[in-house]
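Undergrad: please work out how this folds:
(2 chains)
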Amino acid sequence: MNVRFKSSRKSAPMEEAQDWSACLERVGSHGDREAFSALFAHFAPLLKSFLAAGAGQNSENIEELVQETMVKVWRKAGNYNRSQSNANTWIYTIARNTRIDWIRKQIRQNPNQLHADDIYDSEATVTPHSSLIALRNKRDVSAEIKKLPPAQSEVLALMYFQGHSGQQVSEALNIPLGTVKSRVRLALKRLKIALAENELELEAQEEAHA
Amino acid sequence: MIGRHPDSALLVEYASGSLELAPSIAITTHIQFCDQCRRTVESLQAVGGEMLEEAASVPMTCWTMFLRTSIATVHKSSL
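TA: Purely as a prediction, here's the structure:
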């Protein structure tokens, strides 16, 4: 599987200290080139590996896709709100939408189709809750994601990096779709992401068999 | 009260971008009214952000060129 994670955190101290939210705000408020360059230097190589995993194309096209994503980051930076999401989540959603549109364009040439930006609600209302959740998400998710059992992180990696559906994961790993779904549920539980009530019962059964 | 909710695998497909157009629109509509699922989607997008941050960094072949082109693209369109 060509999904790779960093073996450990060993970024340069300079980079570690960067406040990416502040960089996005500087780009958004006055088109700060220095802030954009810093964002580009950090995120472009991450976006390259992220987009390459799902697109299955040569790296020349991938770099164009990275560039398209970064141009959108610049253009939309004025809408960025740090109380709503942290910088990497916000950039992730832009990359995801860019990839969706790019893949749809490969499949059929229909200029009138909806764009991913029309489908996803990027202007979600900011409530005290969502700013709280943005903070909590960052803390919980980053710590817990590395501690997931391999069977669960493998499923999530296929879905997020390769852009696989549950069905495609089931085919790729040669496991039943029900197993894929149950691994997703168990992973979400570990990441402390709330499940819908109708899934709690299923989850209890899985716990009993785990 | 909304009685039925999309299952979590479906919400992950939505947040990670593999879900087809029509069901994606259905989920977008659902989360306008369902705070619980909206929060789940927000968290799942944060998982995506974390995945991106943890991705193996692959150097751009000519990143200064791409950086300059990106800046030029933005400036050209804003004139």
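Undergrad: which helix runs longest in chain A?
TA: Taking DSSP state H as the criterion, chain A has its longest helix at helix A:33-55.
Undergrad: low-confidence ranges in chain B?
TA: Low-confidence segments of chain B (pLDDT under 70): B:1-3, B:63, B:77-79.
Undergrad: and the residue of it closest to chain A?
TA: B:G49 (3.1 Å; Cβ to the nearest Cβ). Where you see a C-beta, it was placed from the backbone N, CA and C, and this is true even at glycine.
Undergrad: that residue and A:I94 touch, don't they?
TA: No: judged on Cβ atoms under 8 Å, B:G49 makes no contact with A:I94 at a distance of 10.6 Å.
Undergrad: which one of these two is surrounded by more residues?
TA: Using other Cβ atoms under 10 Å in any protein chain shown, the more surrounded residue of B:G49 and A:I94 is B:G49, with 25 against 22.
Undergrad: I'd assumed the more buried one was in a helix, is it?
TA: Yes: counting by DSSP: H, G, I helix; E, B strand; the rest coil, B:G49 falls inside a helix.
Undergrad: contacts only, for it.
TA: Counting by Cβ atoms under 8 Å, 6 or more residues apart in numbering or on different chains, B:G49 makes contact with A:85-93.
Undergrad: can you rerun that using 6 Å?
TA: A:88-89, A:92 (Cβ atoms under 6 Å, 6 or more residues apart in numbering or on different chains).
Undergrad: tell me which of these is nearest to chain B?
TA: A:T89 (3.1 Å).
Undergrad: tally of neighbours for that closest one?
TA: 24.
Undergrad: after the strand or helix carrying it, which helix or strand is next? Please name it.
TA: Assigned by DSSP states H and E, A:T89 falls within helix A:87-107. Following helix A:87-107 in sequence order, the next helix or strand is helix A:116-119 (DSSP H and E).
Undergrad: what mean pLDDT does that next one get?
TA: Average pLDDT, helix A:116-119: 86.
Undergrad: list the buried residues of that helix.
TA: A:116-117, A:119 (16 or more other Cβ atoms under 10 Å in any protein chain shown).
Undergrad: and which of those is nearest chain B?
TA: Within the buried residues of helix A:116-119, proximity to chain B (Cβ to the nearest Cβ) peaks at A:I119, which comes in at 5.1 Å.
Undergrad: in contact with the closest one, which residues are there?
TA: Shown in contact with A:I119 (Cβ under 6 Å, 6+ apart): B:24-25, B:28.
Undergrad: who wins on neighbours among those?
TA: Going by other Cβ under 10 Å, B:S24 tops those with 20 neighbours.
Undergrad: A:V155 contacts A:R183, doesn't it?
TA: Yes: judged on Cβ atoms under 6 Å, A:V155 makes contact with A:R183 at a distance of 4.6 Å.
Undergrad: more neighbours: which of the two?
TA: A:V155 (28 against 24).
Undergrad: so that one sits in a helix?
TA: Yes: the assignment for A:V155 is a helix, going by three-state DSSP.
Undergrad: how far away is it from A:A187?
TA: 7 Å (Cβ to Cβ, to the nearest Å).
Undergrad: got a list of what B:S57 touches?
TA: Going by Cβ under 6 Å, 6+ apart, the list of residues near B:S57 reads A:45-46.
Undergrad: in the one helix or strand B:A72 maps to, what counts as buried?
TA: Per DSSP H and E: B:A72 is located in helix B:63-78. Neighbour counts over helix B:63-78 (16+ other Cβ under 10 Å) mark B:63, B:66-67, B:70-71, B:73-74 as buried.
Undergrad: convert it to CSV, retaining C-alpha atoms only.
TA: C-alpha atoms of helix B:63-78 as CSV (Å, rounded to 0.1, in the frame of the first residue of the first chain):
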residue,chain,number,x,y,z
TRP,B,63,8.6,24.4,-5.9
THR,B,64,9.8,27.9,-6.3
MET,B,65,8.5,27.9,-9.9
PHE,B,66,5.1,26.5,-8.7
LEU,B,67,5.0,29.1,-5.9
ARG,B,68,5.7,31.9,-8.3
THR,B,69,3.1,30.7,-10.7
SER,B,70,0.5,30.4,-7.9
ILE,B,71,1.1,33.9,-6.8
ALA,B,72,1.0,35.1,-10.4
THR,B,73,-2.3,33.3,-11.1
VAL,B,74,-3.9,35.0,-8.1
HIS,B,75,-2.6,38.4,-9.1
LYS,B,76,-3.6,38.1,-12.7
SER,B,77,-7.2,37.2,-11.8
SER,B,78,-7.5,40.0,-9.3
